[in-house]
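In: what shape does this take:
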Amino acid sequence: MKKGTITRRCRCTDPTTGKELGASCPKRQSRRHGTYGVFQELDPAQNGDRRRFRRGGFESSTDAQEELDKVRALMAIPERDDAWGRTQISDMLEDCVKEKTPLPDYDETRRRFQAGQTLNSKITVAEWLDFWLAGRRRLRRTGAKRYECSIRVHLKPHLGHLRLDKLRVHHIDTMFDAINERNIEIQEQNAQRRAVRDELKATPNKGAENRARRRWLRAQLDAMPPFRRVTGLNTQPHIRNTLRAALNVAIAQQVMPAFNPAAHVELLPGTKPKALIWTEERIARWRETSRKPSPVMVWTPEQTAIFLDFVAGDRLYMLWRLIAFRGTRRGEACGVRWEDHSAKARSLAIATQLVQDGWEVHEGAPKTNSGIRLIALDDDTNDGLLTHKTRQQREREAWGEGWQDTGRIFTQEDGSLLHPGKVSDLFERLVKAADLPPIRLHDLRHVAATLMLAAGTDVKVVSETLGHSDTRITRDIYQSVLDDLARDAAEKVVQLVPHARKQLAAVPEIAPKLDTPPQLPRMVPPRKDEALQQNRSA
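Out: This next block holds a predicted model:
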């Protein structure tokens with residue numbers, strides 16, 4: 001290591017020429033005149049460029065000497081033969097010069113160096129999140145998209161400016177408090193916009209006064225924020241989990257202390273929507289208020305039969321049937337291939353799916369590893385697929401060279417891929433045309449689970465057919481359905497003894513006439529002589 005130097009600089013100028021006097025300044029004889037600076041040669045950069053540590057503005061040589069001693073002490077942390085370590089220390093000192101920041105603490109720098117941690121302790125949360133997300137190459141596109149959304153919309157705006165090693169639990173708590181306050185604001189603005197929109201729809205377009213009112217209402221709508229979605233309580237755990245996963249990697253790479261503040265954040269409890277069956281009472285209430293009892297609604301077997309009969313002539317009838325009876329996901333049904341169908345074994349392999357990213361569609365693996373599965377087909381569904389194949393062959397002949405051979409079971413008329421979003425839109429139109437209570441296309445998958453549970457199928461078999469990784473997921477989603485099935489089973493048990501139901505109904509009429517509780521017949525043991533007579537006859 002080359003020895004550094006201390007210099008003194010005088011900024012006095014010649015009043016005639018305006019040039020600095022330098023060494024000819026008569027005041028330089030005083031050691032208190034001018035400022036002191038330090039100069040230290042650093043290790044060359046990785047490309048071989050020469051680097052120096054320069055810093056001035058010290059009022060005394062003592063202060064300059066202390067700065068130079070700190071620089072030399074930091075440079076002495078690596079061993080002499082540790083070229084990589086000396087380069088890292090020199091990089092850190094060069095950054096201090098460029099950013100005009102104080103030298104780091106010697107003990108902390110030595111600890112970080114020995115632990116293999118990054119020496120730049122000033123990395124921000126935003127910088128680390130970008131670095132972490134760029135390294136998640138094994139994530140599915142939808143998973144990476146969701147991580148990116150949480151980072152861009154929530155984590156960076158609220159926490160990105162903080163130093164990574166200074167992130168604390170209260171910072172994250174403050175972020176979620178701000179999110180919940182923002183939710184209240186969004187809900188109020190959405191309600192105001194909805195009220196103005198409803199009034200605009202209700203105002204007729206006849207008469208000068210009404211037209212003036214409509215113009216004013218349109219101006220109000222233009223000035224209002226658009227409808228926005230709130231960050232619900234069920235979404236907030238994913239934001240926390242994204243941050244926790246990123247910080248876990250930072251801890252593993254020793255970029256920050258071994259404490260993950262995101263793991264100690266408590267959130268308001270969210271509630272997952274339960275699947276509810278469309279009963280007559282719920283349908284009547286929906287027709288009256290146009291509000292669904294739950295975001296997840298399920299048809300009864302009778303309602304499912306009405307829908308399937310209504311769409312029997314649709315060219316995608318087998319797709320609706322496959323989802324309704326076997327519970328495939330939307331993307332799985334759109335992406336299933338002919339090579340996955342075994343007519344002889346009456347089975348269908350789920351090995352791929354069409355994923356919608358924004359409005360673009362691409363092929364991907366099923367949602368989870370459990371999603372890769374083999375599902376059994378009933379005879380009608382198996383034969384229906386063969387009939388559908390014959391129909392598709394006729395379409396192929398009709399299109400000729402314009403046919404796109406994608407190998408999919410369900411396609412557009414020209415053989416091109418189905419767009420999952422358009423399939424959902426078509427399903428909603430068909431449901432409305434059939435005058436059935438509304439469900440989402442994904443809820444048709446819940447219908448399949450309900451039908452299997454109602455048929456007495458074991459929950460484990462239902463879970464494997466749906467592609468759930470654990471039966472607990474199936475039970476959590478369909479607990480309300482299981483409760484309805486349990487009540488139905490209880491009614492059937494009672495119906496097996498109709499006489500008991502008649503007795504219960506008659507009790508209130510005869511009870512007031514009795515002075516004492518009715519005595520039920522008892523089993524009286526036979527007398528001794530009767531018992532002997534029975535033994536002889538036996």
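In: C-alpha only now, for contacts and for neighbours.
Out: Fine.
In: okay, now the unreliable bits of the stretch 51-200 of the chain?
Out: Within the stretch 51-200 of the chain, the ranges that satisfy pLDDT under 70 run 117-118, 120-121.
In: residues of stretch 26-38 that come out buried?
Out: For stretch 26-38, a neighbour-count test (16 or more other Cα atoms under 10 Å) marks 28, 33, 34, 35, 36, 37, 38 as buried.
In: how far off centre is that stretch?
Out: Distance of stretch 26-38 from the chain centroid (Cα atoms, centre = their mean, to the nearest Å) equals 64 Å.
In: and it, C-alpha only, in PDB?
Out: C-alpha atoms of stretch 26-38 as PDB (Å, rounded to 0.1, in the frame of the first residue of the first chain):
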ATOM      1  CA  PRO A  26       2.400  35.700   2.300                       C
ATOM      2  CA  LYS A  27      -0.100  34.100   4.700                       C
ATOM      3  CA  ARG A  28       1.000  30.500   4.000                       C
ATOM      4  CA  GLN A  29       3.600  30.800   6.800                       C
ATOM      5  CA  SER A  30       0.700  30.400   9.200                       C
ATOM      6  CA  ARG A  31      -0.400  26.800   9.500                       C
ATOM      7  CA  ARG A  32      -3.900  28.000  10.200                       C
ATOM      8  CA  HIS A  33      -4.100  29.600   6.800                       C
ATOM      9  CA  GLY A  34      -5.800  27.700   4.000                       C
ATOM     10  CA  THR A  35      -7.400  24.300   4.000                       C
ATOM     11  CA  TYR A  36      -5.900  20.800   4.000                       C
ATOM     12  CA  GLY A  37      -6.600  17.800   1.800                       C
ATOM     13  CA  VAL A  38      -5.700  14.100   1.700                       C
END
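In: before we move on, the earlier item: give me the lowest-pLDDT entry from the buried residues of stretch 26-38.
Out: Lowest in pLDDT among those is residue 28, which has 69.
In: restricted to strands, list the buried residues of stretch 26-38.
Out: Residues of those located in strands (DSSP state E): 35, 36, 37, 38.
In: could those be laid out in CSV, adding distance to residue 312?
Out: Below are these laid out as CSV (distance: Cα to Cα, whole Å):
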residue, distance to residue 312
35, 92
36, 91
37, 88
38, 87
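In: any idea which of those residues is the one closest to residue 403?
Out: The nearest member of those to residue 403, counting by Cα to Cα, is residue 38 at 76.7 Å.
In: pretty sure the closest one sits against residue 3.
Out: No: applying Cα atoms under 8 Å as the test, residue 38 and residue 3 come out as separate, 11.0 Å apart.
In: where does the protein dip in pLDDT?
Out: 1, 22, 28-29, 117-118, 120-121, 367-368, 370, 469, 473, 475-538.
In: could you pull out the strands for it?
Out: Using DSSP E, strands in the chain cover 5-9, 35-41, 52-58, 276-277, 297-298, 341-342, 347-350, 353-357, 360-364, 373-376.
In: can I get the ones you listed in a markdown table with distance to residue 420?
Out: Converted to a markdown table, the strands of the chain look like this (distance: least, Cα to Cα, whole Å):
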| stretch | distance to residue 420 |
| --- | --- |
| strand 5-9 | 71 |
| strand 35-41 | 63 |
| strand 52-58 | 60 |
| strand 276-277 | 25 |
| strand 297-298 | 20 |
| strand 341-342 | 20 |
| strand 347-350 | 16 |
| strand 353-357 | 7 |
| strand 360-364 | 8 |
| strand 373-376 | 21 |
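In: could you identify which of those strands is most buried?
Out: strand 297-298 (a mean of 24; mean count of other Cα atoms under 10 Å).
In: what are the buried residues along the longest helix anywhere in the chain?
Out: If you go by DSSP state H, the chain has its longest helix at helix 169-202. Residues of helix 169-202 classed as buried: 171-173, 175-176, 179-180, 183, 186, 189-190, 193, 196-197, 200 (neighbour count, 16+ other Cα under 10 Å).
In: for stretch 211-219, same thing?
Out: Buried residues in stretch 211-219, defined by neighbour count with 16+ other Cα under 10 Å: 213, 214, 217.
In: what separation do you get for the second one and residue 220?
Out: By that I understand residue 214. 10 Å (Cα to Cα, to the nearest Å).
In: what's the answer for residue 38, then?
Out: 65 Å.
In: likewise residue 202?
Out: 15 Å.
In: also residue 132?
Out: The value you get for residue 132 to residue 220, if Cα to Cα is used, is 44 Å.
In: and the contacts of stretch 106-124?
Out: For stretch 106-124, the surrounding residues in contact (Cα atoms under 8 Å, 6 or more residues apart in numbering) are 70, 73-74, 77, 88-89, 92, 160-165, 253-255.
In: if we use 10 Å, what do you get?
Out: By Cα atoms under 10 Å, 6 or more residues apart in numbering, the surrounding residues in contact with stretch 106-124 are 70-71, 73-74, 76-78, 85, 88-89, 91-92, 95-96, 103-104, 156, 159-167, 250-257.
In: among those residues, name the buried ones.
Out: Restricting the contacts of stretch 106-124 to buried positions leaves 70-71, 74, 77-78, 85, 88-89, 91-92, 96, 103-104, 156, 159-160, 162-165, 167, 250-251, 255-256, with burial counted as 16+ other Cα under 10 Å.
In: just grab the bridge partners of residue 341 for me.
Out: Counting by DSSP bridges, residue 341 forms beta bridges with residue 348.
In: settle this for me: residue 234 is touching residue 270, isn't it.
Out: Yes: when contacts are counted by Cα atoms under 10 Å, residue 234 is listed as touching residue 270 (5.2 Å).
In: which one of those two has more residues nearby?
Out: The residue with more neighbours, out of residue 234 and residue 270, is residue 234; 15 against 12, by other Cα atoms under 10 Å.
In: before we move on, the earlier item: residue 376: which of the ones in strands among the buried residues of stretch 26-38 is nearest?
Out: Comparing those against residue 376 with Cα to Cα places residue 38 closest, at 79.4 Å.
In: how much space separates the closest one from residue 443?
Out: From residue 38 to residue 443 the distance is 72 Å (Cα to Cα).
In: how about residue 233: what's its closest non-neighbour residue?
Out: residue 270 (4.8 Å; Cα to Cα, 6 or more residues apart in numbering).
In: cool, and residue 275?
Out: Residue 275 sits nearest to residue 296 (Cα to Cα, 6+ apart), 4.9 Å away.
In: now for the one you found, how many residues are close by?
Out: 20.
In: ok, the closest residue to residue 21 other than its chain neighbours - contacts?
Out: Closest residue to residue 21 apart from its sequence neighbours, by Cα to Cα, 6+ apart: residue 13 at 5.2 Å. By Cα under 10 Å, 6+ apart, residue 13 lies in contact with 19, 20, 21, 22, 25.
In: the stretch 351-500 of the chain: helices as residue ranges?
Out: 379-399, 420-433, 441-454, 459-466, 471-477, 479-495, 498-510 (DSSP state H, counting those that start in this stretch).
In: the stretch 51-200 of the chain too?
Out: 61-75, 83-99, 106-115, 125-134, 141-150, 156-159, 169-202.
In: so which of these is nearest residue 420?
Out: With Cα to Cα, the closest approach to residue 420 among the helices of the stretch 51-200 of the chain belongs to helix 141-150: 14.4 Å.
In: pretty sure residue 349 contacts residue 337?
Out: Yes: in terms of Cα under 10 Å, residue 349 counts as a neighbour of residue 337; the distance is 8.7 Å.
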